[in-house]
Structure formats: C-alpha cells, structure tokens
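Student: got a predicted model here, sequence first, then my questions.
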Amino acid sequence: MQESLFFLAEQLFFCIFIPWGLSMIIQAKLWIKLIKFLYSRDTETFNLICLISGVVYLPFAVFLILTHNDWEWSPSVIVTVLGWMMFIKCFVLILCPQLALKCKTLYSKDESFLKWYLRGCGAIYTLLGLLVASNFWVY
C-alpha cells in the first residue's frame, strides 16, 4: 500500500509539473498578466489571495511529504524536497501572507526580465517533471 502511494505521489508530481512548466514557457505573457494582476490588488486582497492559495495547496504538499518522504539519492528525492518546500511555503502563506509582498520587487522589474525568468522556471519545472517521470517508468 505504501509503495503504491509512493508511486502515486510521483505520478501526481510529474503530471502537474510538466504541464505547469510548459505553460510557463509557452504562455509567459499570460503568466506576466496574472502576476501584474495579483500585484495590482490592494494589500488586503493580495493577502487574502495568498492565504487562499496556501490553504488550497497545503493538502497536496501534505500528501507529498506523508507518502513520499524518501531521502535516498535518486531522481525521486526531487519529489520529497519539493514537497517539503511546498509545505513550508503553504505554512508561511497561511501564517504570514504579507511576506509574499516582499517578492514584489522581483516581479516589478521590466517585462523582458520577467518573461525570461518565467521561461527559465518553466524549463526547470518541465525538466524536473521529466526526470521524475523517467525514474517512475524505470521501475
């Protein structure tokens, strides 16, 4: 049972990260519009959006860390590390959503920087998803 949950966590990971990464590469301008939209809200609305996103993603993060807490050096450790990072981020967003405003300086730079930043992150997400997928299909 535990092993099937372990593989389910990996499947969820690459089924989410590959499309997410490809979307950031292909639809960078749309992601920029989303970021600008979020940061154009008043502080209270922005904090509520951060709180809601932390609450929504927390169950997925908890699922990953409970079913995939594997620290052996292999491609599957990516799922464990990112699951814990996601859990910490959700925890911070729920307790201190105003900390997300600190990132505003990064996103308020010129649009060409933001486009390349998003495409770079998208490439990393896609590659991590493919790496986990390749590890999953090997077993």
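Tutor: Happy to help now that I have it.
Student: any idea which element Asn69 lies in?
Tutor: Applying DSSP states H and E as the criterion places Asn69 outside every helix and strand.
Student: could you report the pLDDT at the residue nearest to it when sequence neighbours are not counted?
Tutor: Spatial nearest neighbour of Asn69, chain neighbours left out: Thr80 (5.9 Å); criterion: CB to CB, 6 or more residues apart in numbering. The way it works is simple: take the backbone N, C-alpha and C, and place the C-beta from them, glycine included. Looking at Thr80, its pLDDT reads 87.
Student: the helix or strand Thr80 falls within packs against which elements?
Tutor: Per DSSP H and E: Thr80 is located in helix 77-95. In this structure, helix 77-95 packs against helix 2-26, helix 43-67, helix 111-138, with contacts taken as 3 or more CB pairs under 8 Å, 6 or more residues apart in numbering; DSSP states H and E.
Student: what residues sit buried inside the longest one?
Tutor: Going back to what we said before, that points to helix 111-138. 114, 117-119, 121-122, 125-126, 128-129, 131-133, 135-136 (16 or more other CB atoms under 10 Å).
Student: tell me the mean pLDDT over that helix?
Tutor: 83.
Student: okay, the angle between that helix and helix 2-26?
Tutor: 150 degrees (axes from the mean of the first three to the mean of the last three CA atoms, to 10 degrees).
Student: packing partners for helix 111-138?
Tutor: Using 3+ CB pairs under 8 Å, 6+ apart, helix 111-138 sits against helix 2-26, helix 28-40, helix 77-95.
Student: and the ones you listed: which comes nearest Asn47?
Tutor: Proximity to Asn47 (CB to CB) singles out helix 77-95 among the helices and strands packed on helix 111-138, at 9.4 Å.
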